[in-house]
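Asker: Kindly return the folded structure for what I paste below:
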Amino acid sequence: MKNEWTSVYEIGKKFEGVEFRFDEYKHFEDAYIQAIFTIMDINIIENFTIKELEKYDFNPYPDFATSIEKYYKNLRNNQIVLKDELPIFLRLILREMIWCKLSNKLMFVHFGYDYYMYIGSAKSINDKLKEIMGLGLYVEQIKSPYI
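Answerer: Prediction:
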């Protein structure tokens, strides 16, 4: 097992002698978002419903626009998140400012400890697995512990 980062809060720490930097973190954050969009496209999905929302401290990262804090403060359980607002919403989850389950009739997205993401899809994603793994993500078939 490799000693590697599992949280945005580990930026600046060293892993196997190399400092974990924000740009490396953001690469994987972008990959997670792209994987979700890929599976949304398979299912022809335009939105999710927020379930079991939990809010934590807001951290104004340098790449966040000032309007993001207002967006964060206005988030509510059972709110619909549209596809065009999904990247910033997912960044709030991945940066551990919120936690929730995202769902609709054809797909769900759950996030767990240690930067794990669980996706369920009504349609087969087998044709896209190679593309998703090409983003640098490790993919395995496992049941979400949040179901």
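
Asker: hey, which strand is longest across this structure?
Answerer: strand 47-55 (DSSP state E).

Asker: tell me what that one is packed against?
Answerer: Applying 3 or more Cβ pairs under 8 Å, 6 or more residues apart in numbering; DSSP states H and E, one finds that strand 47-55 makes contact with strand 80-82, strand 98-103. Heads up, the C-betas are built off the backbone N, CA and C, glycines and all.

Asker: for those, which one ends up most surrounded?
Answerer: Of these, the one with the most neighbours on average (mean count of other Cβ atoms under 10 Å) is strand 98-103, at a mean of 19.

Asker: what angle sits between the helix or strand following that strand and strand 47-55?
Answerer: Scanning forward in sequence from strand 98-103 by DSSP states H and E, the next helix or strand is strand 107-111. Per axes from the mean of the first three to the mean of the last three Cα atoms, to 10 degrees, the angle that strand 107-111 makes with strand 47-55 is 20 degrees.

Asker: what angle sits between strand 107-111 and strand 98-103?
Answerer: Using the same axes, to 10 degrees: strand 107-111 against strand 98-103 is 160 degrees.

Asker: in its sheet, what does the following helix or strand past strand 107-111 sit against?
Answerer: Following strand 107-111 in sequence order, the next helix or strand is strand 117-121 (DSSP H and E). According to DSSP bridges, strand 117-121 forms sheet pairs with strand 107-111 (antiparallel).
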